[in-house]
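Participant: turn this into a structure:
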Amino acid sequence: MNTPQSIAFIGLGVMGGPMTGHLARAGHTVTAFNRSPERAAKWREAFAEEGLDVTFASTPADAARGADTVFICVGNDDDLTGVTLSEHGVLTTMRKGSLLVDHTTVSADMARRLAGEAETRGIAAVDAPVSGGEAGAVSGQLAVMCGGDNAAVERARPIMECYSKSIVHVGPSGAGQTAKMANQMCIAGILGGLSEAVRLAEAAGLDLGKTYEAISGGAAQSWQMDNRWTTMTAGEFDFGFAIDWMRKDLGYALDEAKRLGLSAPVTALVDQFYADVQASGGGRRDTSALITRLAQKPLDQG
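Facilitator: Model prediction:
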(Lines give C-alpha, C1' and ligand atoms only; values in the text may rest on other atoms or scores of the structure.)
Protein backbone atom coordinates (compact mmCIF):
# COMPACT_ATOMS: atom_id res chain seq x y z
CA MET A 1 0.00 0.00 0.00
CA ASN A 2 1.14 3.56 -0.67
CA THR A 3 2.25 5.72 2.25
CA PRO A 4 -0.86 6.92 4.13
CA GLN A 5 -1.60 10.61 3.76
CA SER A 6 -3.63 13.23 5.56
CA ILE A 7 -6.54 13.84 3.19
CA ALA A 8 -9.49 16.23 3.10
CA PHE A 9 -12.52 15.39 0.97
CA ILE A 10 -15.02 18.14 0.20
CA GLY A 11 -18.43 17.08 -1.08
CA LEU A 12 -20.16 13.86 0.03
CA GLY A 13 -22.70 13.42 -2.74
CA VAL A 14 -23.51 10.19 -4.57
CA MET A 15 -19.96 10.23 -5.93
CA GLY A 16 -17.93 11.89 -3.18
CA GLY A 17 -19.35 9.81 -0.34
CA PRO A 18 -18.25 6.44 -1.75
CA MET A 19 -14.90 7.90 -2.88
CA THR A 20 -14.25 9.13 0.66
CA GLY A 21 -14.97 5.65 1.95
CA HIS A 22 -12.44 4.12 -0.44
CA LEU A 23 -9.77 6.56 0.76
CA ALA A 24 -10.41 5.67 4.39
CA ARG A 25 -10.32 1.93 3.61
CA ALA A 26 -6.95 2.44 1.92
CA GLY A 27 -5.55 3.60 5.25
CA HIS A 28 -5.46 7.36 4.71
CA THR A 29 -6.40 9.78 7.50
CA VAL A 30 -9.52 11.46 6.13
CA THR A 31 -11.34 14.63 7.17
CA ALA A 32 -14.59 15.31 5.30
CA PHE A 33 -16.88 18.27 4.75
CA ASN A 34 -20.30 18.51 3.16
CA ARG A 35 -22.38 21.67 2.79
CA SER A 36 -25.61 19.86 3.68
CA PRO A 37 -25.59 18.85 7.38
CA GLU A 38 -28.21 16.18 6.68
CA ARG A 39 -26.05 14.44 4.10
CA ALA A 40 -22.98 14.80 6.30
CA ALA A 41 -24.89 13.08 9.11
CA LYS A 42 -25.91 10.26 6.76
CA TRP A 43 -22.32 9.57 5.74
CA ARG A 44 -21.02 9.96 9.30
CA GLU A 45 -23.39 7.16 10.33
CA ALA A 46 -22.51 4.99 7.32
CA PHE A 47 -18.77 5.32 7.90
CA ALA A 48 -19.17 4.61 11.61
CA GLU A 49 -21.22 1.48 10.94
CA GLU A 50 -18.40 0.20 8.73
CA GLY A 51 -15.79 1.08 11.32
CA LEU A 52 -14.12 3.74 9.15
CA ASP A 53 -12.41 6.56 11.02
CA VAL A 54 -13.50 9.67 9.09
CA THR A 55 -13.46 13.03 10.88
CA PHE A 56 -15.97 15.72 9.93
CA ALA A 57 -15.13 19.44 9.76
CA SER A 58 -17.44 22.44 10.00
CA THR A 59 -15.98 24.32 6.99
CA PRO A 60 -13.92 23.45 3.90
CA ALA A 61 -11.06 25.50 5.35
CA ASP A 62 -11.09 23.49 8.58
CA ALA A 63 -11.10 20.21 6.65
CA ALA A 64 -8.13 21.28 4.52
CA ARG A 65 -5.97 22.60 7.36
CA GLY A 66 -2.79 20.49 7.50
CA ALA A 67 -3.87 18.11 4.73
CA ASP A 68 -1.35 16.68 2.28
CA THR A 69 -4.00 16.41 -0.42
CA VAL A 70 -7.45 17.96 -0.74
CA PHE A 71 -10.07 16.30 -2.96
CA ILE A 72 -13.23 18.08 -4.07
CA CYS A 73 -16.41 16.74 -5.69
CA VAL A 74 -19.24 19.28 -5.69
CA GLY A 75 -21.78 20.46 -8.26
CA ASN A 76 -20.73 23.24 -10.60
CA ASP A 77 -18.53 26.31 -11.08
CA ASP A 78 -20.28 28.33 -8.37
CA ASP A 79 -20.12 25.47 -5.86
CA LEU A 80 -16.44 24.96 -6.57
CA THR A 81 -15.73 28.66 -6.17
CA GLY A 82 -17.50 28.61 -2.81
CA VAL A 83 -15.50 25.72 -1.35
CA THR A 84 -12.14 26.89 -2.67
CA LEU A 85 -11.93 30.68 -3.10
CA SER A 86 -14.38 32.01 -0.53
CA GLU A 87 -13.57 33.22 2.98
CA HIS A 88 -13.92 29.64 4.26
CA GLY A 89 -12.55 27.94 1.15
CA VAL A 90 -9.79 25.34 1.19
CA LEU A 91 -7.18 27.62 -0.37
CA THR A 92 -7.24 29.81 2.73
CA THR A 93 -5.71 27.04 4.86
CA MET A 94 -3.94 24.64 2.48
CA ARG A 95 -0.22 24.63 3.13
CA LYS A 96 2.44 25.38 0.55
CA GLY A 97 3.51 22.21 -1.25
CA SER A 98 0.17 20.43 -0.80
CA LEU A 99 -2.00 19.08 -3.63
CA LEU A 100 -5.53 20.00 -4.74
CA VAL A 101 -7.48 17.49 -6.85
CA ASP A 102 -10.88 18.55 -8.17
CA HIS A 103 -13.25 15.78 -9.29
CA THR A 104 -16.12 18.20 -9.98
CA THR A 105 -17.27 18.55 -13.59
CA VAL A 106 -16.88 22.27 -14.25
CA SER A 107 -15.94 24.57 -17.11
CA ALA A 108 -12.40 24.46 -18.48
CA ASP A 109 -12.10 28.16 -17.63
CA MET A 110 -12.91 27.42 -13.98
CA ALA A 111 -10.31 24.66 -13.89
CA ARG A 112 -7.65 26.98 -15.27
CA ARG A 113 -8.63 29.74 -12.88
CA LEU A 114 -8.42 27.43 -9.87
CA ALA A 115 -5.05 26.08 -11.00
CA GLY A 116 -3.75 29.63 -11.31
CA GLU A 117 -4.99 30.62 -7.86
CA ALA A 118 -3.43 27.47 -6.37
CA GLU A 119 -0.11 28.13 -8.09
CA THR A 120 0.17 31.60 -6.54
CA ARG A 121 0.02 29.87 -3.15
CA GLY A 122 2.57 27.19 -3.99
CA ILE A 123 -0.12 24.51 -4.27
CA ALA A 124 -0.24 21.96 -7.11
CA ALA A 125 -3.62 21.45 -8.76
CA VAL A 126 -5.21 18.77 -10.93
CA ASP A 127 -8.61 18.95 -12.61
CA ALA A 128 -9.81 15.34 -12.59
CA PRO A 129 -13.47 14.88 -13.56
CA VAL A 130 -14.71 11.30 -13.48
CA SER A 131 -17.00 9.02 -15.44
CA GLY A 132 -18.74 5.88 -14.24
CA GLY A 133 -21.61 7.26 -12.22
CA GLU A 134 -22.65 6.24 -8.72
CA ALA A 135 -22.11 2.56 -9.50
CA GLY A 136 -18.52 3.27 -10.53
CA ALA A 137 -17.90 5.30 -7.40
CA VAL A 138 -19.29 2.57 -5.14
CA SER A 139 -17.35 -0.23 -6.87
CA GLY A 140 -14.14 1.81 -7.19
CA GLN A 141 -14.21 1.56 -11.00
CA LEU A 142 -14.22 5.21 -12.08
CA ALA A 143 -12.51 6.57 -15.18
CA VAL A 144 -10.55 9.74 -14.36
CA MET A 145 -9.56 12.38 -16.93
CA CYS A 146 -6.75 14.59 -15.64
CA GLY A 147 -5.53 18.02 -16.56
CA GLY A 148 -2.51 19.69 -14.98
CA ASP A 149 1.22 19.46 -14.54
CA ASN A 150 2.62 15.95 -14.99
CA ALA A 151 4.27 15.93 -11.56
CA ALA A 152 0.97 16.88 -9.89
CA VAL A 153 -0.96 14.17 -11.73
CA GLU A 154 1.62 11.56 -10.78
CA ARG A 155 1.38 12.62 -7.13
CA ALA A 156 -2.38 12.18 -7.26
CA ARG A 157 -2.39 8.92 -9.23
CA PRO A 158 -1.55 6.41 -6.46
CA ILE A 159 -4.19 7.91 -4.19
CA MET A 160 -6.89 7.99 -6.88
CA GLU A 161 -6.18 4.37 -7.78
CA CYS A 162 -8.18 3.22 -4.75
CA TYR A 163 -11.43 4.21 -6.52
CA SER A 164 -10.44 4.17 -10.20
CA LYS A 165 -10.03 1.66 -13.01
CA SER A 166 -8.52 4.18 -15.43
CA ILE A 167 -6.51 7.38 -14.87
CA VAL A 168 -5.40 9.26 -17.97
CA HIS A 169 -3.38 12.48 -18.04
CA VAL A 170 -4.95 14.30 -20.99
CA GLY A 171 -2.99 17.56 -20.96
CA PRO A 172 -2.49 20.88 -19.13
CA SER A 173 -4.93 22.51 -16.69
CA GLY A 174 -8.46 22.41 -18.09
CA ALA A 175 -7.77 19.46 -20.40
CA GLY A 176 -9.41 17.01 -18.01
CA GLN A 177 -12.59 19.08 -18.06
CA THR A 178 -12.59 19.32 -21.85
CA ALA A 179 -12.19 15.53 -22.09
CA LYS A 180 -15.18 15.14 -19.74
CA MET A 181 -17.21 17.41 -22.04
CA ALA A 182 -16.38 15.08 -24.94
CA ASN A 183 -17.41 12.13 -22.75
CA GLN A 184 -20.81 13.66 -22.02
CA MET A 185 -21.39 14.58 -25.66
CA CYS A 186 -20.80 10.93 -26.59
CA ILE A 187 -23.22 9.69 -23.93
CA ALA A 188 -25.93 12.16 -24.98
CA GLY A 189 -25.70 11.11 -28.62
CA ILE A 190 -25.77 7.40 -27.77
CA LEU A 191 -28.83 7.78 -25.53
CA GLY A 192 -30.64 9.74 -28.23
CA GLY A 193 -30.19 6.90 -30.71
CA LEU A 194 -30.80 4.20 -28.11
CA SER A 195 -34.13 5.78 -27.11
CA GLU A 196 -35.36 5.77 -30.70
CA ALA A 197 -34.14 2.20 -31.24
CA VAL A 198 -36.06 0.90 -28.21
CA ARG A 199 -39.24 2.64 -29.36
CA LEU A 200 -38.81 1.18 -32.87
CA ALA A 201 -38.44 -2.33 -31.48
CA GLU A 202 -41.48 -1.85 -29.24
CA ALA A 203 -43.68 -0.52 -32.03
CA ALA A 204 -42.69 -3.39 -34.31
CA GLY A 205 -43.69 -5.89 -31.65
CA LEU A 206 -40.21 -7.37 -31.33
CA ASP A 207 -39.11 -9.38 -28.32
CA LEU A 208 -37.06 -6.71 -26.58
CA GLY A 209 -34.74 -9.16 -24.85
CA LYS A 210 -33.98 -10.95 -28.12
CA THR A 211 -33.48 -7.62 -29.88
CA TYR A 212 -30.93 -6.59 -27.28
CA GLU A 213 -29.18 -9.94 -27.60
CA ALA A 214 -29.04 -9.56 -31.37
CA ILE A 215 -27.70 -6.02 -31.59
CA SER A 216 -25.50 -5.82 -28.49
CA GLY A 217 -23.13 -8.38 -29.95
CA GLY A 218 -22.24 -6.15 -32.88
CA ALA A 219 -21.08 -2.64 -33.67
CA ALA A 220 -24.03 -1.02 -31.84
CA GLN A 221 -22.83 -2.31 -28.45
CA SER A 222 -22.17 0.35 -25.80
CA TRP A 223 -22.06 0.77 -22.03
CA GLN A 224 -25.41 2.55 -22.19
CA MET A 225 -27.00 -0.30 -24.14
CA ASP A 226 -25.60 -2.96 -21.81
CA ASN A 227 -26.61 -1.10 -18.63
CA ARG A 228 -29.77 0.76 -19.66
CA TRP A 229 -31.62 -1.27 -22.29
CA THR A 230 -33.48 -3.41 -19.75
CA THR A 231 -34.38 -0.52 -17.45
CA MET A 232 -35.44 1.71 -20.34
CA THR A 233 -37.77 -0.98 -21.68
CA ALA A 234 -39.16 -1.46 -18.16
CA GLY A 235 -39.68 2.30 -17.65
CA GLU A 236 -37.33 2.43 -14.64
CA PHE A 237 -35.38 5.67 -14.18
CA ASP A 238 -35.14 6.41 -10.45
CA PHE A 239 -31.37 5.88 -10.20
CA GLY A 240 -28.13 6.86 -11.88
CA PHE A 241 -26.89 10.19 -13.25
CA ALA A 242 -29.61 12.86 -13.11
CA ILE A 243 -30.75 14.76 -16.18
CA ASP A 244 -30.28 18.02 -14.25
CA TRP A 245 -26.56 17.26 -13.99
CA MET A 246 -26.29 16.11 -17.59
CA ARG A 247 -27.78 19.39 -18.79
CA LYS A 248 -25.24 21.27 -16.68
CA ASP A 249 -22.44 19.28 -18.27
CA LEU A 250 -23.79 19.66 -21.81
CA GLY A 251 -24.03 23.40 -21.20
CA TYR A 252 -20.30 23.49 -20.50
CA ALA A 253 -19.65 21.41 -23.63
CA LEU A 254 -21.75 23.67 -25.85
CA ASP A 255 -20.09 26.78 -24.43
CA GLU A 256 -16.63 25.32 -25.05
CA ALA A 257 -17.58 24.31 -28.60
CA LYS A 258 -18.77 27.86 -29.26
CA ARG A 259 -15.56 29.29 -27.81
CA LEU A 260 -13.57 27.10 -30.19
CA GLY A 261 -15.69 28.16 -33.17
CA LEU A 262 -17.26 24.71 -33.55
CA SER A 263 -20.77 23.52 -34.34
CA ALA A 264 -22.28 20.79 -32.13
CA PRO A 265 -25.78 20.29 -33.56
CA VAL A 266 -26.39 16.77 -32.24
CA THR A 267 -25.40 17.75 -28.69
CA ALA A 268 -27.55 20.89 -28.88
CA LEU A 269 -30.55 18.89 -30.11
CA VAL A 270 -30.28 16.21 -27.42
CA ASP A 271 -29.81 18.94 -24.81
CA GLN A 272 -33.13 20.43 -25.88
CA PHE A 273 -34.75 16.99 -25.67
CA TYR A 274 -33.45 16.79 -22.10
CA ALA A 275 -34.93 20.23 -21.45
CA ASP A 276 -38.32 18.80 -22.46
CA VAL A 277 -37.96 15.96 -19.94
CA GLN A 278 -36.92 18.50 -17.27
CA ALA A 279 -40.00 20.59 -18.02
CA SER A 280 -42.21 17.55 -17.47
CA GLY A 281 -40.70 17.00 -14.00
CA GLY A 282 -38.04 14.42 -14.89
CA GLY A 283 -34.92 16.38 -14.01
CA ARG A 284 -33.86 14.05 -11.18
CA ARG A 285 -34.33 10.87 -13.22
CA ASP A 286 -31.49 8.98 -14.86
CA THR A 287 -30.29 10.28 -18.22
CA SER A 288 -31.85 7.23 -19.89
CA ALA A 289 -35.25 8.82 -19.12
CA LEU A 290 -34.67 10.66 -22.40
CA ILE A 291 -36.81 7.87 -23.88
CA THR A 292 -39.88 9.15 -22.01
CA ARG A 293 -40.02 12.06 -24.46
CA LEU A 294 -40.90 9.61 -27.25
CA ALA A 295 -44.37 8.09 -27.64
CA GLN A 296 -44.53 4.32 -27.17
CA LYS A 297 -46.85 3.82 -30.19
CA PRO A 298 -46.77 5.25 -33.70
CA LEU A 299 -48.69 8.51 -33.85
CA ASP A 300 -51.31 7.08 -36.20
CA GLN A 301 -52.19 4.47 -33.55
CA GLY A 302 -52.94 7.07 -30.90
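
Participant: His169 bridge partners, please.
Facilitator: Cys146 (DSSP bridges).

Participant: wait, what's in contact with it?
Facilitator: 146-148, 150, 153 (CB atoms under 8 Å, 6 or more residues apart in numbering). The way it works is simple: take the backbone N, C-alpha and C, and place the C-beta from them, glycine included.

Participant: return the closest of these with respect to Gln184.
Facilitator: Gly147 (15.6 Å; CB to CB).

Participant: for the residue positioned nearest the centre of the chain, list the residues it contacts.
Facilitator: Centroid-nearest residue in the chain: Val130, 4.9 Å away (criterion: CA atoms, centre = their mean). Counting by CB under 8 Å, 6+ apart, Val130 makes contact with 15, 103, 136-137, 142-145, 164, 180.

Participant: next, format the contacts of His169 as a markdown table and append distance to Glu87, neighbour count and pLDDT.
Facilitator: Supplementary listing: the contacts of His169 in a markdown table, determined by distance: CB to CB, whole Å; neighbours: other CB atoms under 10 Å; pLDDT from 0 to 100:
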| residue | distance to Glu87 | neighbour count | pLDDT |
| --- | --- | --- | --- |
| Cys146 | 29 | 25 | 98 |
| Gly147 | 27 | 28 | 98 |
| Gly148 | 26 | 29 | 98 |
| Asn150 | 33 | 11 | 98 |
| Val153 | 30 | 24 | 98 |
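
Participant: nearest to Ala275 among those?
Facilitator: Using CB to CB, Gly147 comes nearest to Ala275 of the contacts of His169, at 28.7 Å.

Participant: hang on, that closest one packs against Ala175?
Facilitator: Yes: using CB atoms under 8 Å, Gly147 is in contact with Ala175, at 3.7 Å.

Participant: mutual contacts of those two, please.
Facilitator: Common neighbours of Gly147 and Ala175 (CB under 8 Å, 6+ apart) are Asp127.

Participant: now for the helix or strand harbouring Ala46, which elements pack on it?
Facilitator: Here Ala46 sits within helix 37-50, counting by DSSP states H and E. Here helix 37-50 touches helix 16-25, strand 29-33, strand 54-56, going by 3 or more CB pairs under 8 Å, 6 or more residues apart in numbering; DSSP states H and E.

Participant: buried residues in it?
Facilitator: For helix 37-50, a neighbour-count test (16 or more other CB atoms under 10 Å) marks 39-40, 43-44, 46-47 as buried.
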